[in-house]
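A.B. asks: what follows is a predicted structure for the sequence shown.
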Amino acid sequence: MAKKMPKIETKLTHLGLSPKENFGIPNPPIYRTSTILSESLAQHRGEIPKKYTYGRVGTPTSDAFESSIAALYGAECCISAPSGLSAISTAILSVAKAGDHMLFPDSLYGSARRFVVTMLPKMGVDIAFYPPRIDADISTFFKSNTSLLYLESPGSLTFEIQDVPAMTAAARTKNITTMIDNTWGTALHYPVLALGADIVVEAATKYIGGHSDTNLGIAAANGKHGSELRRTAIALGTCAGPEDLYLGLRGLRTMKLRLSQSAENGLAVATAAKSHGAVISVLHPGLPSSRDHAIFTRDFTGPCGLFGIVVKPEITQASIDAAIEAMSVFYIGDSWGGYESLIKQAHLTEKLRSLRPDLPEGHIIRIYTGLEHCDDQIADVMTMLDGLSEGL
Ligand SMILES: Cc1ncc(COP(=O)(O)O)c(C=O)c1O
């Protein structure tokens, strides 16, 4: 019988383990080190090869995590970073050179936007923002010096899905590198390299770590993009701490279960919220009513638990504050991908969005459904929405 490719659950269980080199212990040890000793001066000078040279540049702990992520994406190279934002900035710098032009979606994650707006122009890189749903018409934004087309699908806070195959194909004809933030879809639900992106970045802080107790990032790519990622990470000193790498690797073991449950809860809460009188729309590409649903079902194998609810613009800020603060299951907080449900209001200030006409009208409330029972999550969100209706 032909050998079948292992399924994702099996990969997540086995990746990065080295029991034979580790006394039969399945979980790899945490190597905490800066120094890695040489057996001779010749080896120290690099005349005799040595697998590991310095803690910042790589250890068995970083190898175990990075090789696991690379395998999930089908990438030759993966680098790890001390946060998702650090992975993003390292990956962008692996492409950037003075005189370049780079394109970013208007729905870019806020802190990444701060990086590109404040740092890239100082290096002589010209940046521009495009409407996230532009699809293949992105080519109208290309210039002769465009070196990077950056994507994020769905977009932060407004959840627009992008046509990754069409956009990356357009970029490829002009030799433009494509990079995508895949923190929402993850390697489990959105095979972005197979869909055409050259480089993927992810905040492993979210679903990979999964317990809101680590900051970690990854960037993965093939061929020359992978080599440039590694060279740039080494040049910048981008490296994650050993405890965080271990937590990332441990998170992978249960990621499928956590992601599936969180996503299922999210769809149930989104579906319940949709018909509430205070709600104008629910920003969740997994809902059949979403304008992005067709591309979503074509390209993703599932959603995650993060989405937005747009409530009527006439609802007062005071009643939004009171209704959210009265919630008992959802905590108020940033981040997502952990076990606990989180809620916050999204304020799309001019600093966060420059293409104003595309924005939903109304207040956006961002919901993240964690692992509590979804009946409790639904009850909490519906009570919060009832509270908003009182303010109408
Ligand atoms: C889409 C997205 N990308 C990247 C990041 C950055 O991750 P980190 O907080 O680990 O820097 C975040 C964090 O919220 C995010 O939402």
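C.D. replies: Ah, there it is.

A.B. asks: who touches residue 56 in this structure?
C.D. replies: 34, 237, 239 (C-beta atoms under 8 Å, 6 or more residues apart in numbering). In this view, the C-beta of every residue, glycine as well, is placed from N, C-alpha and C.

A.B. asks: try 6 Å this time
C.D. replies: Residue 56 is in contact with residue 239, counting by C-beta atoms under 6 Å, 6 or more residues apart in numbering.

A.B. asks: and if you look at residue 78?
C.D. replies: 66, 69, 70, 218, 220 are the contacts of residue 78 under C-beta under 6 Å, 6+ apart.

A.B. asks: just the residues you listed: which are in helices?
C.D. replies: Those of those mapping onto helices are 66, 69, 70, per DSSP state H.

A.B. asks: burial of the last one, as a residue count?
C.D. replies: By other C-beta atoms under 10 Å, 21 other residues sit near residue 70.

A.B. asks: name the nearest residue to it, ignoring sequence neighbours.
C.D. replies: residue 78 (4.0 Å; C-beta to C-beta, 6 or more residues apart in numbering).

A.B. asks: now do the one you found against the ligand, distance only.
C.D. replies: 16 Å (C-beta to the nearest ligand atom, to the nearest Å).

A.B. asks: quickly find the element holding that residue.
C.D. replies: strand 77-81 (DSSP states H and E).

A.B. asks: and this structure, which residues reach the ligand?
C.D. replies: Residues of the chain lying close to the ligand (C-beta under 6 Å from any ligand atom) are 83, 84, 85, 109, 156, 181, 183, 203, 205, 215, 217, 335.

A.B. asks: swap the cut-off to 8 Å and go again
C.D. replies: 83-88, 109, 111-112, 152, 156, 181, 183-184, 201-206, 215-217, 334-336 (C-beta under 8 Å from any ligand atom).

A.B. asks: in the chain, what residue comes closest to the ligand?
C.D. replies: residue 84 (2.4 Å; C-beta to the nearest ligand atom).

A.B. asks: list the contacts of the residue nearest to that residue when sequence neighbours are not counted.
C.D. replies: Nearest residue to residue 84, sequence neighbours excluded (C-beta to C-beta, 6+ apart): residue 203, at 2.4 Å. When contacts are counted by C-beta under 6 Å, 6+ apart, residue 203 touches 84, 183, 217.

A.B. asks: what do you get if the cut-off is 8 Å, keeping everything else the same?
C.D. replies: Residue 203 makes contacts with 83, 84, 85, 87, 181, 183, 216, 217, 337, as judged by C-beta under 8 Å, 6+ apart.

A.B. asks: is it true that the first one touches residue 218?
C.D. replies: No: taking C-beta atoms under 8 Å as the definition, residue 83 is not a contact partner of residue 218, at 10.7 Å.

A.B. asks: of these two, who's got more company?
C.D. replies: Ranked by neighbour count (other C-beta under 10 Å), residue 83 and residue 218 place residue 218 first, with 30 against 19.

A.B. asks: and the helix or strand containing residue 384, C-alpha only, in CSV?
C.D. replies: Using DSSP H and E, residue 384 sits in helix 374-390. What follows is helix 374-390 as a C-alpha-only set of coordinates in CSV (Å, rounded to 0.1, in the frame of the first residue of the first chain):
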residue,chain,number,x,y,z
CYS,A,374,-20.2,28.6,23.7
ASP,A,375,-23.6,28.8,25.4
ASP,A,376,-22.0,31.0,28.1
GLN,A,377,-20.2,33.1,25.4
ILE,A,378,-23.4,33.6,23.4
ALA,A,379,-25.4,34.6,26.5
ASP,A,380,-22.7,37.1,27.5
VAL,A,381,-22.5,38.7,24.1
MET,A,382,-26.3,38.8,23.7
THR,A,383,-26.7,40.5,27.1
MET,A,384,-24.1,43.0,26.1
LEU,A,385,-26.0,43.7,22.8
ASP,A,386,-29.3,44.0,24.8
GLY,A,387,-27.5,46.7,26.9
LEU,A,388,-26.6,48.6,23.7
SER,A,389,-30.2,48.5,22.5
GLU,A,390,-31.2,50.2,25.8
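
A.B. asks: excluding its backbone neighbours, what's nearest residue 136?
C.D. replies: Per C-beta to C-beta, 6+ apart, closest to residue 136 is residue 166, 4.2 Å.

A.B. asks: three-state assignment of the one you found?
C.D. replies: helix (DSSP: H, G, I helix; E, B strand; the rest coil).

A.B. asks: go on, the one 3 residues further on?
C.D. replies: The assignment at residue 169 comes out as helix when based on three-state DSSP.

A.B. asks: count residues in the vicinity of residue 208, would you?
C.D. replies: Neighbourhood size, residue 208 [other C-beta under 10 Å]: 31.

A.B. asks: you'd agree it is up against residue 248?
C.D. replies: Yes: if you go by C-beta under 8 Å, residue 208 and residue 248 touch, sitting 5.3 Å apart.

A.B. asks: what residues are shared contacts of these two?
C.D. replies: With C-beta under 8 Å, 6+ apart, residue 208 and residue 248 have common neighbours residue 216.

A.B. asks: the residue nearest to residue 70 pairs with what?
C.D. replies: residue 220 (DSSP bridges).

A.B. asks: for residue 222, see how far away it is.
C.D. replies: 11 Å (C-beta to C-beta, to the nearest Å).

A.B. asks: and the closest residue to residue 44 other than its chain neighbours, how many neighbours?
C.D. replies: Of all residues not flanking residue 44 in the chain, residue 38 sits nearest, at 3.8 Å (C-beta to C-beta, 6+ apart). Other residues near residue 38 number 14, with proximity taken as other C-beta under 10 Å.

A.B. asks: and for residue 344?
C.D. replies: Residue 344: 19 neighbours (other C-beta under 10 Å).
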